[in-house]
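Novice: give me a model of this one.
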Amino acid sequence: MVHQHCNTTGQKNGQAMALLSGGDRSVFYQCKITGNQDTLLVQVSRQLFRECQIIGTIDFIFSYGTAIFQKCNIYIKKNRIGATTVIAAHDCNSSTNSSGFSFQHYTINGDPQQSPTSTTPVGAYLGRDWGTYA
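Specialist: Below you'll find the predicted structure:
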């Protein structure tokens, strides 16, 4: 059984999280996390996401904590508001902070809901800095 966390507010309504995880050593297994901008927030501490589906548009995996993504399927939704699509944004404002992301054995695909006959290219960056020491 796949547990789903979904934000259905739509792209024009701005940022809205589908999941905020703030517990230390949290584990998510075979979850589906769907949204647009800022879909998944790894707020603090250490998290593990294994065999999850994560779907979004802009900075849809973002964090102040540490996260490992193992064997996850990441889907990029077509960005309908024109901003640059970036999958992950990690915030770090201290030179002594050792947090970050590790993506292991993952796949990145386009929006599974977009028509396969669409001629609009969908491009994205895996990550960007967010903060002084990111």
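
Novice: right, and residue 43 touches residue 24 too?
Specialist: No - contact criterion CB atoms under 8 Å: residue 43 and residue 24 do not qualify, at 10.6 Å. All C-beta atoms are positioned from the backbone trio N, CA, C, and that covers glycine.

Novice: those two: who's more crowded?
Specialist: Neighbour count, other CB atoms under 10 Å: between residue 43 and residue 24, residue 43 has more, with 15 against 11.

Novice: which residues does the more buried one contact?
Specialist: 20, 21, 22, 63, 64, 65 (CB atoms under 8 Å, 6 or more residues apart in numbering).

Novice: what's the helix or strand for the nearest residue to residue 94 once chain neighbours are set aside?
Specialist: Leaving aside its sequence neighbours, residue 94 sits nearest to residue 133 (CB to CB, 6 or more residues apart in numbering; 6.2 Å). Under the criterion DSSP states H and E, no helix or strand holds residue 133.

Novice: just to revisit the earlier point, for ChimeraX, what selects the buried ones among the contacts of residue 43?
Specialist: Buried residues among these (16 or more other CB atoms under 10 Å), as a ChimeraX selection:
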select :21,63,64,65
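
Novice: check the contacts of residue 43 against residue 39 and report the nearest one.
Specialist: Taking CB to CB as the measure, residue 39 lies nearest residue 20 of the contacts of residue 43, at 10.3 Å.

Novice: work out for me the element that closest one sits within.
Specialist: Using DSSP H and E, the element containing residue 20 is strand 19-21.
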